[in-house]
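# please find the sequence and the predicted model below.
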Amino acid sequence: MQIAVVGGGIIGATVAWRLAQHGARVTIFEARQWGAEASWAAAGMLAPGAEVTAVSAWAEMALASARMYPAFLRELEAASGVRIGYRPTGGLELFAGEAELADLASRAEPQRQLGIASRAVTAAEAMALAPSLRAPAGSAEYRFYPDDATVNPRDIMEALRVVCGNAVREQSPVRAVLWRDERAHVELEAGGEPLVFDAAVLAAGAWSSEVDMAVPVPSTFPVRGHLLGYDLPAGSLDPILRRGHTYLLQRTGGAFLAGASMEHAGFDRAIDPAIVETLRRNAASLFGKLEGLEPRPWVGFRPATGSGLPEIRPLSGQAPRIWLTCGHYRNGILLAPETARRVSAGLLA
Ligand SMILES: Cc1cc2nc3c(=O)[nH]c(=O)nc-3n(C[C@H](O)[C@H](O)[C@H](O)COP(=O)(O)OP(=O)(O)OC[C@H]3O[C@@H](n4cnc5c(N)ncnc54)[C@H](O)[C@@H]3O)c2cc1C
């Protein structure tokens with residue numbers, strides 16, 4: 001099968017790699033630069049402990065993908081020769097105040113049902129796990145999620161670039177993907193005759209619904225996030241450290257991240273100094289070593305849908321070999337391996 005993949009982020013790239021492994025001849029059309037959008041901006045938490053708070057099909061998918069990660073990374077490293085930063089260090093979360101404690105209480109039973117491991121830790125144990133942790137005034141609870149991990153998404157994209165090789169066409173925005181005569185016709189913004197494939201996969205992140213598919217597709221839109229990068233010596237923080245919407249993590253090699261904001265601001269790439277200041281203050285109030293440091297901010301566009309859930313399915317009964325795979329929102333790094341498994345199994349069945 002000849003298959004077009006629209007979008008060179010982690011979703012399109014992982015799907016393309018899996019399809020090629022199953023014998024498909026794949027072409028990946030990337031509008032701008034390989035892996036330079038949400039998949040570059042992401043923190044890289046693989047953190048069901050924080051993200052999965054209710055029993056649902058989505059929760060099962062997230063957990064299945066998390067379980068696949070170690071083998072997925074080993075395979076990708078071996079195939080590409082690229083070393084991928086991965087830290088299975090667990091996540092430490094602190095809860096203080098009524099709303100945060102209610103959140104902790106409400107996730108306990110669903111997480112138990114789903115088999116998400118966690119244990120209460122004392123303030124002293126929390127300080128031992130994260131020595132620069134600043135305990136909040138008043139009472140707090142601490143919970144450790146041993147199976148949470150982090151990965152460097154930029155390493156994953158570099159490795160996927162190697163394994164996708166000359167299947168990749170950068171600076172090639174797709175205008176339309178149309179199903180005609182049992183084939184997918186891919187029209188480029190640059191014009192010219194449509195390119196004809198046996199199948200196509202739409203994985204254009206927050207931009208997915210801008211591609212003309214001739215039938216209605218669920219609207220995708222960006223939820224912008226600011227993240228802050230700091231330089232701290234490697235070994236400054238072991239587990240992911242979280243409180244409410246604030247999280248801190250350190251990558252292998254030392255890069256230290258604090259995030260993240262959520263804004264409905266369209267595709268505006270401008271850094272908002274007020275948001276940076278709030279993130280900076282929240283991060284320093286959680287981790288003393290950040291006090292007084294100047295961070296490097298960046299933004300990215302989480303690909304959202306109205307339902308908050310990803311769309312991973314054939315476009316419609318009339319276009320059985322055009323697949324949507326978009327709307328991975330806050331967890332596209334986590335969900336990539338299981339997404340690719342589903343799309344390749346569905347398309348090549
Ligand atoms: C601040 C922030 C923090 C995050 N942290 C995490 C995290 O810790 N863990 C986690 O799991 N997830 C995280 N995410 C979410 C994660 O980044 C996304 O869910 C994931 O990267 C989505 O991947 P994607 O391939 O769908 O989209 P993208 O990476 O955005 O890729 C889509 C690609 O399609 C291309 N494209 C667009 N239109 C066209 C067109 N017409 N033709 C061809 N190509 C096109 C774009 O140029 C882009 O390269 C975070 C996101 C942000 C912004």
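Ah, there it is.
# what count of nearby residues applies to the residue of the stretch 201-349 of the chain found nearest the ligand?
When you check the stretch 201-349 of the chain against the ligand by Cβ to the nearest ligand atom, the closest residue turns out to be residue 332, at 2.2 Å. Quick note: C-beta positions are derived from backbone N, CA and C, even for glycine. Other residues lying near residue 332 total 24 when counted by other Cβ atoms under 10 Å.
# ok, now residue 150?
Residue 150 has 25 neighbours, counted by other Cβ under 10 Å.
# repeat that for residue 343.
Using other Cβ under 10 Å as the criterion, the residues surrounding residue 343 number 27.
# my read is that it contacts residue 321, right?
No: look at residue 343 against residue 321 with Cβ atoms under 8 Å: they stay out of range, at 11.4 Å.
# pull the contacting residues for the residue lying closest to residue 33 once chain neighbours are set aside.
In this structure, residue 33 finds its nearest non-sequential neighbour in residue 170, 5.9 Å apart by Cβ to Cβ, 6 or more residues apart in numbering. Under the criterion of Cβ atoms under 8 Å, 6 or more residues apart in numbering, the neighbours of residue 170 are 8, 30, 32-34.
# and if we set it to 6 Å?
Going by Cβ atoms under 6 Å, 6 or more residues apart in numbering, residue 170 touches 30, 33-34.
# what of residue 185?
The neighbours of residue 185, taking Cβ under 6 Å, 6+ apart as the test, are 178, 194, 196.
# got a markdown table for those, with pLDDT and secondary structure too?
Shown next, in a markdown table, are the contacts of residue 185 (pLDDT from 0 to 100; DSSP: H, G, I helix; E, B strand; the rest coil):
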| residue | pLDDT | secondary structure |
| --- | --- | --- |
| 178 | 96 | strand |
| 194 | 97 | coil |
| 196 | 98 | strand |
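# can you pick the most crowded of these?
The most crowded member of the contacts of residue 185, judged by other Cβ under 10 Å, is residue 178 (18 neighbours).
# residues contacting that residue?
When the contact criterion is Cβ under 6 Å, 6+ apart, the partners of residue 178 are 185, 214.
# just checking, next helix/strand downstream of the longest strand along the chain?
Scanning the chain for the strand with the most residues, using DSSP state E, yields strand 220-231. Secondary structure here is assigned by DSSP states H and E; on that basis, the next helix or strand after strand 220-231 toward the C-terminus is strand 240-243.
# now that following strand: average pLDDT?
The average of the pLDDT scores along strand 240-243 is 97.
# run a quick neighbour tally on residue 30.
One way to gauge burial is a neighbour count; for residue 30, by other Cβ under 10 Å, it gives 24.
# for it, which non-adjacent residue is closest in space?
Of all residues beyond its chain neighbours, the one nearest residue 30 is residue 8 (3.1 Å), with distances taken as Cβ to Cβ, 6+ apart.
# touching, that neighbour and residue 28? I think so.
Yes: distance between residue 8 and residue 28: 5.3 Å, which falls inside the contact criterion (Cβ atoms under 6 Å).
# the two - which one has more neighbours?
Regarding residue 8 and residue 28, a neighbour count based on other Cβ under 10 Å identifies residue 8 as having more, with 32 against 28.
# may I have the phi/psi pair for the more buried one?
Per-residue torsions, residue 8: phi -110, psi 50 (degrees, to the nearest 10).
# list just the nearest of the contacts of residue 170 to the ligand.
For the contacts of residue 170, with the ligand as the reference and Cβ to the nearest ligand atom as the criterion, the closest is residue 30, at 5.0 Å.
# okay, the closest one and residue 287: tell me how far apart.
Distance of residue 30 to residue 287, computed by Cβ to Cβ, to the nearest Å: 36 Å.
# which residue packs closest to residue 145, ignoring adjacent ones?
The shortest distance from residue 145 to any non-neighbouring residue, by Cβ to Cβ, 6+ apart, is to residue 49 (2.8 Å).
# please apply the same query to residue 226.
Nearest in space to residue 226, with sequence neighbours left out and distances taken as Cβ to Cβ, 6+ apart, is residue 261 at 4.4 Å.
# which strand or helix spans the one you found?
For residue 261, there is no host helix or strand (DSSP H and E).
# which elements pack onto the longest strand of the chain?
In terms of contacts (3 or more Cβ pairs under 6 Å, 6 or more residues apart in numbering; DSSP states H and E), strand 220-231 is packed against strand 255-259, strand 296-305.
# give the next helix or strand downstream of the longest one.
The one in question is strand 296-305. The helix or strand immediately downstream of strand 296-305 is strand 311-316, counting by DSSP H and E.
# that next one pairs with which strands, and in what direction?
With DSSP bridges as the criterion, the sheet partners recorded for strand 311-316 are strand 319-326 (antiparallel).
# so what's the gap between the partner strand and the chain middle?
20 Å (Cα atoms, centre = their mean, to the nearest Å).
# returning to what we had before: could you export the longest strand of the chain as PDB, CA atoms only?
Below are the C-alpha coordinates for strand 220-231, written out as PDB (Å, rounded to 0.1, in the frame of the first residue of the first chain):
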ATOM      1  CA  THR A 220      -9.500  20.800  16.100                       C
ATOM      2  CA  PHE A 221      -8.100  23.900  17.800                       C
ATOM      3  CA  PRO A 222      -5.000  24.900  19.700                       C
ATOM      4  CA  VAL A 223      -4.700  25.200  23.400                       C
ATOM      5  CA  ARG A 224      -1.600  27.200  23.800                       C
ATOM      6  CA  GLY A 225       0.900  26.300  26.600                       C
ATOM      7  CA  HIS A 226       3.900  28.200  28.000                       C
ATOM      8  CA  LEU A 227       6.800  26.200  29.400                       C
ATOM      9  CA  LEU A 228       9.900  27.500  31.100                       C
ATOM     10  CA  GLY A 229      13.400  26.100  30.800                       C
ATOM     11  CA  TYR A 230      16.100  26.600  33.400                       C
ATOM     12  CA  ASP A 231      19.800  25.600  33.700                       C
END
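# I am finished for the moment; much appreciated.
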